[in-house]
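Engineer: Sequence and computational prediction follow.
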Amino acid sequence: MNETGFSAEQIDTTRAHPARMYDYFLGGQDNYEVDREAAERIMRLLPDIEMAARENRGFLRRATRAVARRGIGQIIDVGTGIPTSPNTHEIARAVNPDVRVAYVDNDPIVSTYAGAKLVNDGNAAFALADLRDPKAVLDSPAVARLIDFGQPVALLLVAILHFVDDAADPAGIVRALTEPLAPGSVLVLSHGTMDFHDPERIDRVREVYADSTANLTPRPRNEIAAYFDGFDIIDPPGLVQPPFWQPDAPVPDDPMLRGLGFYCGVGVKR
């Protein structure tokens, strides 16, 4: 039993789980055979999925550094996923050692790892709460203890909203989470899209996720851009695929990079 109240024995290993599948795409070890089998099915349908996962992780690193360089000293990372070093607090503190990070996820799997890999000092904490209940996220102990909503906050919603069905109103969720943020706060967001792949393949990928513990709902660029209502998207580069968001080096002229099924962006609240 860890400090979040869950034990490893409570983890369901009979169905594939998106967080463990994503860990497999990234080359991690925190996954089970059922996750690997599902992930391999997707990799056969989308041979670029491993690259997409790595590039999305690269976006997270660059965007987090950009947040810290803006002088924002507090971050809410919702949909944390299985920790993969460097974690958000490690990235931010390489720029500003005093950054506070509240991690939030609804998954017992993540909570199992949180104590060892995320909650390592007084300025990083983890709370179990569901993105689809924004009030529970904002009122969670980690957020309540570490975040001052009178000052700018960075809200990270990285590779999470495509696991929220349309019926749950993802745009309304984003509005509820961002409404209390002070002007000058930052929204860091990435989201899966169907814009670059054959629709039939995407349907088959969605079938794989339908057999897991979460459905997948990729969305077109205009719907993803609408999540930034009330924010000025930093442009350049605007809302782009992960390799093209403020890259650390020139991006190779690789058709696969230009076909990755993600959009990402960073916006500043007016």
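Structural biologist: Yep, it's here. Numbers count the residues shown, from 1 in each chain.
Engineer: so Tyr22, which of the three states?
Structural biologist: helix (DSSP: H, G, I helix; E, B strand; the rest coil).
Engineer: what ranges do the helices span in the stretch 1-150 of the chain?
Structural biologist: 18-25, 33-45, 49-69, 88-93, 108-117, 134-138, 141-146 (DSSP state H, counting those that start in this stretch).
Engineer: Make a markdown table out of the ones you listed and add distance to Phe163 and mean pLDDT.
Structural biologist: (Each C-beta comes from the backbone N, C-alpha and C, glycine too.) Formatted as a markdown table, the helices of the stretch 1-150 of the chain follow (distance: least, CB to CB, whole Å; pLDDT from 0 to 100):
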| stretch | distance to Phe163 | mean pLDDT |
| --- | --- | --- |
| helix 18-25 | 6 | 94 |
| helix 33-45 | 14 | 97 |
| helix 49-69 | 14 | 98 |
| helix 88-93 | 19 | 94 |
| helix 108-117 | 13 | 73 |
| helix 134-138 | 15 | 97 |
| helix 141-146 | 20 | 95 |
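Engineer: Which of these sits closest to Phe196?
Structural biologist: helix 49-69 (9.8 Å; CB to CB).
Engineer: For that closest one, enumerate the helices and strands it packs against.
Structural biologist: Packing partners of helix 49-69 (3 or more CB pairs under 8 Å, 6 or more residues apart in numbering; DSSP states H and E): helix 18-25, helix 33-45, helix 88-93, strand 154-158, strand 186-192, strand 262-269.
Engineer: What residues of the first one count as buried?
Structural biologist: Within helix 18-25, the residues that qualify as buried are 18-25, counting by 16 or more other CB atoms under 10 Å.
Engineer: neighbours around the residue nearest to Arg57 when sequence neighbours are not counted, how many?
Structural biologist: Closest residue to Arg57 in three dimensions, ignoring its sequence neighbours and counting by CB to CB, 6 or more residues apart in numbering: Leu26, at 6.4 Å. Around Leu26 there are 17 other residues, counting by other CB atoms under 10 Å.
Engineer: my guess is Leu26 meets Gly58, correct?
Structural biologist: No - judged on CB atoms under 8 Å, Leu26 makes no contact with Gly58 at a distance of 10.9 Å.
Engineer: need the contact list for the residue nearest to Arg57.
Structural biologist: Shown in contact with Leu26 (CB atoms under 8 Å, 6 or more residues apart in numbering): 50, 53-54, 57, 84.
Engineer: Pull up the gap between it and Ala52, please.
Structural biologist: Remark: distance between Leu26 and Ala52 (CB to CB, to the nearest Å) = 11 Å.
Engineer: Can you lay out the helices and strands packed on helix 49-69 as TSV showing distance to Ala68?
Structural biologist: Below are the helices and strands packed on helix 49-69 laid out as TSV (distance: least, CB to CB, whole Å):
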stretch	distance to Ala68
helix 18-25	24
helix 33-45	32
helix 88-93	4
strand 154-158	8
strand 186-192	10
strand 262-269	12
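Engineer: wait, which of these is closest to Pro252?
Structural biologist: strand 262-269 (17.2 Å).
Engineer: re earlier: name the member of the contacts of Leu26 with the most neighbours.
Structural biologist: Ala53 leads these on contacts (other CB under 10 Å) with 23 neighbours.
Engineer: Give me the nearest residue to that one, chain neighbours excluded.
Structural biologist: Phe25 (3.8 Å).
Engineer: ok, the one you found touching Met51?
Structural biologist: No - with contact defined as CB under 8 Å, Phe25 does not reach Met51; the gap is 9.1 Å.
Engineer: What pLDDT does the model give the residue nearest the centre of the chain?
Structural biologist: Centroid check for the chain by CA atoms, centre = their mean gives Val158 as the closest residue, at 2.3 Å. Val158 carries a pLDDT score of 98 in this model.
Engineer: any idea how far it is from Val110?
Structural biologist: Taking CB to CB, one finds Val158 at 14 Å from Val110.
Engineer: Leu161 now?
Structural biologist: Taking CB to CB, one finds Leu161 at 17 Å from Val110.
Engineer: What ranges in the stretch 101-250 of the chain fall below the confidence cut-off?
Structural biologist: Within the stretch 101-250 of the chain, the stretches with pLDDT under 70 are 115-117, 120-121.
Engineer: Done for today, thanks.
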